[in-house]
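Undergrad: All I have is the shape, not the residue letters:
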């Protein structure tokens, strides 16, 4: 199992929801965390530095891991004072471009002018370990403009004062992390910008190595958090600006990246909300004024009208009504609600879904990503992404919703799971399942996971084709299906090493070759050449989804089961249910035994003919598949048992 990566500092987790405070110095170069006197600065207990002290690795032997620039300065001072063992002047020799003008006691070679025996002017100082300083010296110290580089590719370019980073400079680490701005006494101090390899940025003021004062955090999705930065997190009054232009104003929750309590939301279409917020979304009592002049006053839940409320329309409806008053659920007035848990399957509903999806996808994804919790460096965590692909059948939405709730409650993925759902129900609440939303979701998960240690469970449920493509459909929307090869490519691009991929679809066994990997477990509902069963609009589950998740993993008896054992039990259940579909000899034929086979078929009611025809062909069982190496399956089963929580 791979070693744990260093923990990320706060700015690396801008969209990860509420976070404990964390010291910037945990992720800065140790030079940033210095006490300014040559000894390494105090680190938070249990914190791993992301930028190790370059001179400490070089083995210069300075107490407390002192920096190479300290050594250069100390040597210059020694020379200036005429101490024994100081810089030795090179003996005169024939002109040679590589003949040093002075040598330092630790083997450093200096090329440049000297004044009264001191390094002074434009020069170059090279160490045996590959460290190089090029720039200005004054009275034996690095002073003025210069560049200090380390053998691993890290570098500082900017101003020095008396041997220390001071003034404007740019510090680049080998992993791509860059700080550009003001320095004082070797620490970021003043206005600056911290850029991370993930694409996230922190802009604002720094004090002694920590972000402090007015500033902004910008994540790789373009979400911008503006306000006062204290102890590396936004605090007090501020605002969040989403990529679509939505502005959320209020007070940041303590230690987190969401706005809580009373606030204001300005929507890009001109709508305006004022009232209670939870996790930066309308939640509680509030007032929404739409751009068309309609006004809703009442209860909200997770950004939608939900509970008791009144909507006053700007223009009367065809029946003369100008007010809808009463109970609301998920943005719909219950007076107009039809039975069941699904929205009406009508062209009007399809068009309404298109109109909603055109404007809310970026906001829904950003909100979902912002709630993700970071991994625990002390253990291997499970993260989950569930995908309901075909929006023409509500069974996939119901199944994906159940699976996510089960994983959150029984397997510890609460705050570490995402859902992408194509459905005529819930378009205003959950991001759609598309190739692009899947790619962005995998990227967002990779940014909060330890991609070398943690495990991603990806569950996909939909219709499948003989060409091994997963159906991604919404009525009225031309979405691209998801081929097995594309899914494999998206997973590899995510950088997530450990994966459990469960595909519940016809012909899903065809996904195995494209997903096979030494650190991937693939489970499918059927062989590559077989259909699976249960994907009717009115169903709660497909056969395989019901067997694995509801009948096995959700039961108290699942305690102590590994995922491979759960799969074996689920496969047996599926085979049992499919066997029950097979008509028994003589079944349904008592009244027509004297007729020839074709006449008997024609004499049956039309609704029975298809089943009778299938009885002549015999039903082929789906035969669910599991693919993983025995060693990896054993490792995964051990962690699966540890993730389990008691059944409620």
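TA: Received it, and whenever you're ready, just let me know what you need. The structure presented is a predicted model; accordingly, all values stated were derived computationally and were not measured.
Undergrad: pLDDT weak spots in the stretch 251-400 of the chain?
TA: Scanning the stretch 251-400 of the chain with the threshold set as pLDDT under 70 gives 255-256, 317-320, 335-353, 355-359.
Undergrad: mind listing the helices for it?
TA: Using DSSP state H, counting those that start in this stretch, the helices of the stretch 251-400 of the chain run over 347-370, 394-410.
Undergrad: just the stretch 401-550 of the chain next, same as before
TA: Using DSSP H, counting those that start in this stretch, helices in the stretch 401-550 of the chain cover 435-448, 484-494, 512-515, 543-545.
Undergrad: Put together JSON lines for the helices of the stretch 251-400 of the chain, with distance to residue 150 and mean neighbour count on each row.
TA: In this view, the C-beta of every residue, glycine as well, is placed from N, C-alpha and C. Formatted as JSON lines, the helices of the stretch 251-400 of the chain follow (distance: least, C-beta to C-beta, whole Å; neighbours: other C-beta atoms under 10 Å):
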{"stretch": "helix 347-370", "distance to residue 150": "34", "mean neighbour count": "18"}
{"stretch": "helix 394-410", "distance to residue 150": "44", "mean neighbour count": "22"}
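Undergrad: so which of those helices gets nearest residue 144?
TA: Ranking the helices of the stretch 251-400 of the chain by proximity to residue 144 (C-beta to C-beta) places helix 347-370 first, at 44.4 Å.
Undergrad: Residue 388 is nearest to which of the helices of the stretch 251-400 of the chain?
TA: helix 394-410 (3.9 Å).
Undergrad: Tally up the residues packed near the nearest residue to residue 100 once chain neighbours are set aside, please.
TA: Excluding its sequence neighbours, the residue lying closest to residue 100 (C-beta to C-beta, 6 or more residues apart in numbering) is residue 109, at 4.1 Å. Counted with other C-beta atoms under 10 Å, the neighbours of residue 109 add up to 18.
Undergrad: Need the per-residue pLDDT for residue 109.
TA: With respect to pLDDT, residue 109 scores 90.
Undergrad: Tabulate the helices of the stretch 251-400 of the chain in JSON lines, adding columns for distance to residue 465.
TA: Below are the helices of the stretch 251-400 of the chain laid out as JSON lines (distance: least, C-beta to C-beta, whole Å):
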{"stretch": "helix 347-370", "distance to residue 465": "23"}
{"stretch": "helix 394-410", "distance to residue 465": "15"}
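Undergrad: Residue 621 is nearest to which of the ones you listed?
TA: Closest approach to residue 621 among those (C-beta to C-beta): helix 394-410, 20.2 Å.
Undergrad: related to what we said a few turns ago, now for the helices of the stretch 251-400 of the chain, which one comes closest to residue 293?
TA: Ranking the helices of the stretch 251-400 of the chain by proximity to residue 293 (C-beta to C-beta) places helix 347-370 first, at 18.0 Å.
Undergrad: Show me what the host helix or strand of residue 212 packs onto, helices and strands only.
TA: Using DSSP states H and E, residue 212 sits within strand 210-218. Other elements packing on strand 210-218 under the criterion 3 or more C-beta pairs under 8 Å, 6 or more residues apart in numbering; DSSP states H and E are strand 201-207, strand 224-230.
Undergrad: Enumerate every residue touching the nearest residue to residue 287 once chain neighbours are set aside.
TA: Spatial nearest neighbour of residue 287, chain neighbours left out: residue 297 (5.0 Å); criterion: C-beta to C-beta, 6+ apart. Going by C-beta atoms under 8 Å, 6 or more residues apart in numbering, residue 297 touches 286-287, 309-310.
Undergrad: how does it look with 7 Å?
TA: 287, 309-310 (C-beta atoms under 7 Å, 6 or more residues apart in numbering).
Undergrad: what stretches of the stretch 501-648 of the chain score poorly on pLDDT?
TA: Along the stretch 501-648 of the chain, segments meeting pLDDT under 70 span 581-620, 647-648.
Undergrad: mind redoing it with 80?
TA: 536-538, 580-620, 646-648 (pLDDT under 80).
Undergrad: I'd like the distance between residue 131 and residue 107.
TA: Residue 131 is 11 Å from residue 107, where distance means C-beta to C-beta, to the nearest Å.
Undergrad: Please identify which of the two sits among more neighbours.
TA: residue 131 (23 against 11).
Undergrad: Please report how far the more buried one lies from residue 288.
TA: 60 Å.
Undergrad: With residue 535 instead?
TA: As defined by C-beta to C-beta, residue 535 lies at a distance of 38 Å from residue 288.
Undergrad: the more surrounded of the two?
TA: The residue with more neighbours, out of residue 535 and residue 288, is residue 535; 26 against 21, by other C-beta under 10 Å.
Undergrad: quick one, phi/psi of the more buried one?
TA: phi -90, psi 60 (degrees, to the nearest 10).
Undergrad: ok, now which ones touch it?
TA: Counting by C-beta under 7 Å, 6+ apart, residue 535 has contacts 393, 395, 463, 542.
Undergrad: So which of these is the closest to residue 410?
TA: Using C-beta to C-beta, those come closest to residue 410 at residue 542, 19.9 Å.
Undergrad: For that closest one, grab phi and psi.
TA: Torsion angles, degrees, to the nearest 10, at residue 542: phi -80, psi 170.
Undergrad: And the one 10 residues further on, by the same measure?
TA: Dihedral pair for residue 552: phi -120, psi -70, per degrees, to the nearest 10.
Undergrad: before we move on, back to that, could you dump the helices and strands packed on strand 210-218 to JSON lines with distance to residue 432?
TA: Output for these, formatted as JSON lines (distance: least, C-beta to C-beta, whole Å):
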{"stretch": "strand 201-207", "distance to residue 432": "28"}
{"stretch": "strand 224-230", "distance to residue 432": "24"}
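Undergrad: who touches stretch 269-289?
TA: 240, 248, 250, 258-266, 290-291, 295-297, 299-303, 367, 371.
Undergrad: what domains does the record give for the chain?
TA: 52-172, 258-336, 347-582+622-643, 590-618 (automatic domain parsing).
Undergrad: now the host helix or strand of residue 239, how far from the centre of its chain.
TA: Per DSSP H and E, residue 239 falls inside strand 233-241. The chain centre lies 21 Å from the centre of strand 233-241; the measure is C-alpha atoms, centre = their mean, to the nearest Å.
Undergrad: what packs against that strand?
TA: Applying 3 or more C-beta pairs under 7 Å, 6 or more residues apart in numbering; DSSP states H and E, we find strand 233-241 packed against strand 224-230, strand 247-252.
Undergrad: Sheet-wise, list the partners of it with their directions.
TA: Partners of strand 233-241 in the sheet, by DSSP bridges, are strand 224-230 (antiparallel), strand 247-252 (antiparallel).
Undergrad: Pull out the buried residues from it.
TA: 233-235, 238-241 (16 or more other C-beta atoms under 10 Å).
Undergrad: same deal with stretch 435-452?
TA: 435, 437-438, 440-451.
Undergrad: Please apply the same query to stretch 168-176.
TA: Applying 16+ other C-beta under 10 Å to stretch 168-176 flags 168-173 as buried.
Undergrad: can you check stretch 542-557 too?
TA: Buried-residue list, stretch 542-557, by 16+ other C-beta under 10 Å: 542-554.
Undergrad: Ok, stretch 151-170 next?
TA: Here stretch 151-170 shows 154-161, 163-166, 168-170 as buried, counting by 16+ other C-beta under 10 Å.
Undergrad: Relative to the whole chain's centre, how far out is that stretch?
TA: 33 Å.
Undergrad: Just the residues contacting it, thanks.
TA: By C-beta under 7 Å, 6+ apart, stretch 151-170 touches 54, 69-70, 72-73, 129-131, 141-149, 171-174, 178, 180, 182-186.
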